[in-house]
Each structure stands twice: as structure tokens, then as C-alpha cells.
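K.L.:
Test case, fold it:
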Amino acid sequence: MTSNPENTQTIYEETEQDRLSTTKPPVVNKLEYLRSLVSGFEIGQVFMTALDLDVFSQLEKPQTADELSAESGTDAALTRNLLNVLSAMELLKKEDETYYNNPETAPFLIRSSPYFGRYLKPDDKSMDTLLRLKQILIEGPQGDDSKKHEHRFNEDAMDWIARYSLLGRLQGTVGQITALPEFKNAKKLVDLGGGHGLFGIALAQENPNLEVVIFDRPEVVPTTEKYIRQYNMEGRVCALGGDYMTDDIGNDYDMVFEACSFGGNDQRCQTLFQKIAAAMKKGGLFIRLTFTLDDDEKGPLELTLWDLKNSLAGRGPRSHRTNSGLSLILEQAGFVYQKTIDMSPWCFNPMRLIISRKE
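P.N.:
Next up is the predicted model:
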């Protein structure tokens, strides 16, 4: 800007800095991202309410909002708004005034479906804890919820887990293991906590010289044997019942595989790993499909959230080990860490394949 002494009229000279169309933003706009964090809670509440009302099962048959509200006993106008949100979330389809399930997500949302997502909705206690997050952060955990939960799987639950594993996790895991140079020469493998046995069965199918033991609790064995018969693998795959912390798991294994079946402190973990090492041949591979934190503990996000919820409930500061922490326990048990494979492309959860070798 200049001032003409002979004329009091102010004259503006346009400069590059004055041109709004080319002005560089002073900061990167992160408001939309931050807003998405808040709306995530709102969308989640809508979704969980729809699950509670069993909306998706009711919409196996296309219905209008009025028809659904009459069937559910809900307010018609509010139900229409709810269904519109679910349509915007691409969980429902809408034609004129009729709503029906999106075929892509329906198998996981309809209760009668074999792929129904049994564990989509957090339990009420967990939700209440998160809603009181600020209070608990100030006051500390309320009570001690550190008692270990014992999972007992009946045949129905085990069948569901088997079907779920076939949605990509099994194929991806088997693909990574069979690509290892040691796999083609392996003669004997045990799948600890193998449950339905599909991982062990699949590995036996890929190596005709491989004998596989599926080790799990005695009450699980009948289900395991059912799958062994289904895939005609009785000759090379067998099921063995017991507690792998206390019972004999066999010996002379070229490979040991374990997928998310173990929960325990570092001492129990080292005890188990030492037992596994004792049951293996020298140079054999121990392969774990598990969850680990990054060494800086900043991710994966799902695991940091999991650890936060556990600590809020009084279950200790952290549930998951870091990559380096797990490697140290393996080393102390007689293994040499080989590598970690990110299984995210095949698993919804941030799982990793940890491969180590017996010294």
C-alpha cells in the first residue's frame, strides 16, 4: 500500500500475498479428521442400537420404516431416520420407501447366518467403563477385574471360529508358512491350541510328507476330529487332548504352530516356550500368529485401545507384549528370532506372524 501526498485517496497495489486464491494455508486442516473421531462414536451408537433391535434380521424381508416400526414397537418417524443413517453407512439399501440389507454385510449381521458377527457389540460393562473414562482416569480403576477369564468353546462356537478363519486369515497364514524354505522338508508339526484344526489340516494338505498333531483341551477334540474326517486327513492328522502347560505335547517336531491360544504373564510365557523348545528338533521353527505392540507402544491402534480398556478395568497396565519384548522371551527360552510378518492383508485385526528357530 502507498499513499499519494498529493491525493489523500488510498491506493492499493495488488501483490501476490494479497491474492486469496494463491494464499498458502497457514496450517494443514485437520478439523475434518478430528470431527470424524467424534462422529465415530455417534455412528457406533447407531450401529449398536440397530444390533440391539435386531434390525438386520428383521430386514431379511424388505420393509418400509412404518412396517419395521410396527414390528419393533419403535416410533415410526425416528425409525425412518435411523434407517436412513444405516443406509448412508451402506449397511442397508433403500428403494423408494423400502429398506433391505446390503448383500455384502448381511451375512455378518443376520442372526441366522453362519457368519453372524457374535462379538461385534461390546459388553455393557465395557461400554460403561469407556463412558466414565474421564472419571476413572482421575480416580483410578474401580475394583480389581484381573481374574483370568477361561474360554470354554462348545462345538457351535468352534464351528463359527472355523468358518471365520476361512474368510482369509487361514489362507494368508498357510501361504506364508508354506513359502518358508523349511516347510517342504518338515516331517512333523504340532498345532498348539489348534481347536477346529483347519490350520494343521491345510498345512498337511500342502506337504504330503507332513504329519500333524492338533493339540487342544479334551472337550475340543471331538470337534477337531470331525474336521479331520471332513477333509479325509485321518491318516496324517490326529487330535490330542490335554493342557499344553502341564501335559506332554509330544516330541521331535520340525515345526510348532500356535495361534492366539495363549494368555499369561512373562514367566508363564517363558515356561511354555521352554517346553516347546524341548519338544522340537534342533533348527526347528516355532511360528506364532499373535498380537504384538510396536516397540514404541504407539500402535497398532486397536491394541493400544485394548490395553487401555484392560487397564481401566484393573487388569494391569498392558495386555500385549512389544515385538522386542516377545523376542527377548523367545531368546531366553532357547530360540533365535527370525522375522515378523504383518498379517493385516489377511486379518481384520492387526495380527503378526512371529517366526523363530530353535538354537
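K.L.:
Can you find the helix or strand in the protein with the smallest mean pLDDT?
P.N.:
Across the helices and strands of the chain, mean pLDDT, DSSP states H and E gives its lowest value to strand 2-4, namely a mean of 50.
K.L.:
helix, strand or coil for Asp296?
P.N.:
Three-state assignment for Asp296 (DSSP: H, G, I helix; E, B strand; the rest coil): coil.
K.L.:
oh, and call the first residue 300 from now on, that's how I've got it
P.N.:
Done: numbering now begins at 300, and the last item shifts to Asp595.
K.L.:
State the distance from it to Thr621.
P.N.:
The spacing between Asp595 and Thr621, counted by CB to CB, to the nearest Å, is 8 Å. Any C-beta I mention is one placed from the backbone N, CA and C, and that applies to glycine too.
K.L.:
Glu394 now?
P.N.:
Glu394 is 50 Å from Thr621, by CB to CB.
K.L.:
and what of Lys323?
P.N.:
When distance is defined by CB to CB, Lys323 is 40 Å away from Thr621.
K.L.:
same question, Gly339
P.N.:
Noted for Gly339: a distance of 27 Å to Thr621, by CB to CB.
K.L.:
Now do the strands in this protein.
P.N.:
Secondary structure of the chain (DSSP state E): strands at 301-303, 306-310, 362-363, 391-394, 397-400, 487-491, 510-515, 536-540, 552-558, 579-589, 634-641, 651-657.
K.L.:
May I see the ones you listed arranged in a markdown table, with mean neighbour count and distance to Glu481 as well?
P.N.:
Shown next, in a markdown table, are those (neighbours: other CB atoms under 10 Å; distance: least, CB to CB, whole Å):
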| stretch | mean neighbour count | distance to Glu481 |
| --- | --- | --- |
| strand 301-303 | 8 | 80 |
| strand 306-310 | 8 | 81 |
| strand 362-363 | 18 | 56 |
| strand 391-394 | 16 | 49 |
| strand 397-400 | 19 | 46 |
| strand 487-491 | 24 | 11 |
| strand 510-515 | 25 | 15 |
| strand 536-540 | 20 | 19 |
| strand 552-558 | 23 | 7 |
| strand 579-589 | 20 | 6 |
| strand 634-641 | 16 | 10 |
| strand 651-657 | 21 | 9 |
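K.L.:
In terms of neighbours, single out the busier of Gly339 and Thr621.
P.N.:
Thr621 (15 against 10; other CB atoms under 10 Å).
K.L.:
who does that one bridge with?
P.N.:
The partner list for Thr621 in beta bridges (DSSP bridges) reads Leu592.
K.L.:
ok, it to Ser464 distance?
P.N.:
For Thr621 relative to Ser464 (CB to CB), the value is 26 Å.
K.L.:
Same question for Gly562.
P.N.:
In terms of CB to CB, Gly562 sits 19 Å off from Ser464.
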